[in-house]
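Below: sequence and its predicted model.
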Amino acid sequence: DGGITQSPKYLFRKEGQNVTLSCEQNLNHDAMYWYRQDPGQGLRLIYYSQIVNDFQKGDIAEGYSVSREKKESFPLTVTSAQKNPTAFYLCASKGTSSGANVLTFGAGSRLTVL
Amino acid sequence: AQSVSQHNHHVILSEAASLELGCNYSYGGTVNLFWYVQYPGQHLQLLLKYFSGDPLVKGIKGFEAEFIKSKFSFNLRKPSVQWSDTAEYFCAVNPTSGGSYIPTFGRGTSLIVHP
């Protein structure tokens, strides 16, 4: 079945460490997104990529970095510069066919900074 | 930039009660509108969407939403909720102009349905 795989599902990190969250999709979607979900704040966009080798900052990009070297993969690095990294991170993708303006989401990665 | 406002942050209902969750957006142009649902322990998934045409759209599990352009609203309704509707509900909007597809989400509404 096609879908989005995020790993790890749970991650613990010490303060000052960088951590990379994986997002892989086999949907042949061009666009991919990273959202951060916090209780009571909904989903906030961190980064998005409309096409391979190109990505744009979202509303809360500070302290995060991404790469898009392959169409299938859009990893997110949470750096030590992110002041409040404990959160639930969601990866999503979108196709380009007609009527495909709907996001498909992964199961999420929950990051806890100790 | 567009924004989305969901008025109810927490809703608690008994089974068979009617549900209406409010969603308003701010954007002057044409938009696509969505409701996504996140059941406990499951992926965020599409509940229903409005692109054009009939402003009353029907989604999965008996949900419907009405787009009222003059009020910039896209409220979600269900005549009779079930315990299995317990979930978090997110309204989202995406402008159709500009070329980029960058949906903006509301803060979400947590719905608890008591059996």
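Received, thanks. Numbering: from 1, shown residues only, chains lettered A, B, ... in the order given.

And stretch A:63-71, what's buried?
A:64-66, A:68, A:71 (16 or more other C-beta atoms under 10 Å in any protein chain shown). Yep, even glycine has a C-beta here, placed from its N, CA and C like the rest.

Of those residues, which is the nearest to B:Thr109?
A:Tyr64 (26.9 Å; C-beta to C-beta).

Do I have it right that that closest one meets A:Pro75?
No: A:Tyr64 is beyond contact range of A:Pro75, at 10.9 Å (criterion: C-beta atoms under 8 Å).

ok, the residue most central in space within chain B - contacts?
Centroid-nearest residue in chain B, with C-alpha atoms, centre = their mean: B:Trp35, separated by 3.3 Å. Taking C-beta atoms under 8 Å, 6 or more residues apart in numbering or on different chains, we find B:Trp35 in contact with B:23, B:46-49, B:59, B:63, B:65, B:74, B:76, B:89-92.

B:Ser70 falls within a helix, correct?
Yes: membership of B:Ser70 in a helix is supported by DSSP: H, G, I helix; E, B strand; the rest coil.

What values do phi and psi take at B:Ser84?
phi -70, psi -10 (degrees, to the nearest 10).

How about B:His9?
According to degrees, to the nearest 10, B:His9 has phi -90, psi -40.

Residues of chain B that sit close to chain A?
Neighbours of chain A within chain B, by C-beta under 8 Å from any C-beta of the partner chain: B:6, B:9, B:32, B:34, B:36, B:43-46, B:49, B:51, B:90, B:94, B:100-108.

Which ones among these lie within strands?
Among the residues of chain B next to chain A, the residues falling in strands (DSSP state E) are B:6, B:32, B:34, B:36, B:44-46, B:49, B:90, B:94, B:104-105.
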